[in-house]
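> predicted model follows, preceded by the sequence.
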Amino acid sequence: MAWRSSGATNRELIENLSRNNLIKSPAVKEAFLKVDRAHYAPRSPYQDTPQSIGHRATISAPHMHAAAAEKLLPFATPSPARPAPRVLDVGSGSGYLTHVLAELGAATVVGLEHIRELRDLGEANMQRSEEGQGLLDSGRVRFVVGDGRKGWDDGEGEGWDAIHVGAAAREVHGELLGQLRAPGRMFIPVEEEGGMVGSMFGVWIRMGRGG
Ligand code: SAH
């Protein structure tokens, strides 16, 4: 399934993800079209496969990023109920999804990495496009170093409307979950018994008034 969506150009990759119904919402498609994956994946950027980015980390496959963006869209895009969405991307790695989440219209997106070199890589990759540089300059996107299990307090707001976890987790850490607003949504890959990460993921939803 993964290979079916590969393309020769960024547009072709996104069109194929859309044709294969992995990208469903026009807003998600538009956001992906704004970000050139070649700025984030060192090799074969338009293949629907993960790629190594060093430090034993990978940029996830485009269909995984598509699933995450689709699930987080309602909580990452401005709406009357949520005019300035705050998004936390735990294990930001290449910075690709951090950038895509910002293109969904979130007011604040923080990419959180526990490896400083990868925090720097995400930021450097984003600086490769004018749009990415603009998002960094405006402060809408920031990359920080920290342990994702503890979440992140940027001192600017209470918690997060949407949390994406790019790192494999054996459990949903209470401290991180505690920072999810109600209503809010967390997208997190689930580690299967035996330690291998499949393309499984879980979605945590916090209900609240109006949620
Ligand atoms: N979402 C990124 C990277 C996925 S790989 C992308 O697609 O490019 C998972 C990332 O999570 C790695 O970069 C790894 O360094 C980071 N990571 C793992 N455990 C972490 C933790 N406890 N806190 C923060 N980041 C972590």
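Structure received. Numbering: from 1, shown residues only.
> so which elements touch the longest strand along the chain?
What stands out as the longest strand in the chain, according to DSSP state E, is strand 180-191. Judged by 3 or more Cβ pairs under 8 Å, 6 or more residues apart in numbering; DSSP states H and E, the packing partners of strand 180-191 are helix 62-76, strand 160-165, strand 197-206. Bear in mind the C-beta positions are built from the backbone N, C-alpha and C, glycine included.
> give me the element the spatially most central residue of the chain is part of.
The centroid of the chain falls nearest to L97 when counting by Cα atoms, centre = their mean (3.6 Å). Per DSSP states H and E, L97 falls inside helix 96-103.
> report the buried residues of the longest strand of the chain.
If you call a residue buried by 16 or more other Cβ atoms under 10 Å, then strand 180-191 has these buried ones: L180, R181, P183, G184, R185, M186, F187, I188, P189, E191.
> which parts of this protein are strands?
51-54, 57-59, 86-90, 108-113, 141-145, 160-165, 180-191, 197-206.
> ok, back up a step: what pLDDT does the model give the residue nearest to the centre of the chain?
The model reports L97 with a pLDDT of 98.
> what residues are up against it?
S60, H65, A68, A69, D89, H164, G166 (Cβ atoms under 8 Å, 6 or more residues apart in numbering).
> out of those, which are close to the ligand?
Intersecting the contacts of L97 with the contacts of the ligand gives S60, G166 (criterion: Cβ under 6 Å from any ligand atom).
> could you dump the contacts of L97 into TSV and include neighbour count, pLDDT and distance to G139?
Output for the contacts of L97, formatted as TSV (neighbours: other Cβ atoms under 10 Å; pLDDT from 0 to 100; distance: Cβ to Cβ, whole Å):
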residue	neighbour count	pLDDT	distance to G139
S60	23	94	26
H65	26	96	24
A68	26	95	23
A69	25	97	22
D89	34	98	16
H164	30	96	20
G166	28	91	22
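> and the furthest pair within the contacts of L97?
Within the contacts of L97, two members stand farthest from each other by Cβ to Cβ: A69 and G166, at 12.3 Å.
> before we move on, the earlier item: which of the buried residues of strand 180-191 sits closest to the ligand?
P189 (8.9 Å; Cβ to the nearest ligand atom).
> wouldn't that closest one be in contact with A169 here?
Yes: judged on Cβ atoms under 8 Å, P189 makes contact with A169 at a distance of 6.9 Å.
> what's the burial count for the nearest residue to A69 once chain neighbours are set aside?
Leaving aside its chain neighbours, A69 sits nearest to V28 (4.9 Å; criterion: Cβ to Cβ, 6 or more residues apart in numbering). Neighbours of V28 under the rule other Cβ atoms under 10 Å: 27.
> contacts only, for V28.
The contact partners of V28, taken as Cβ under 8 Å, 6+ apart, are A66, A69, E70, L73, L104.
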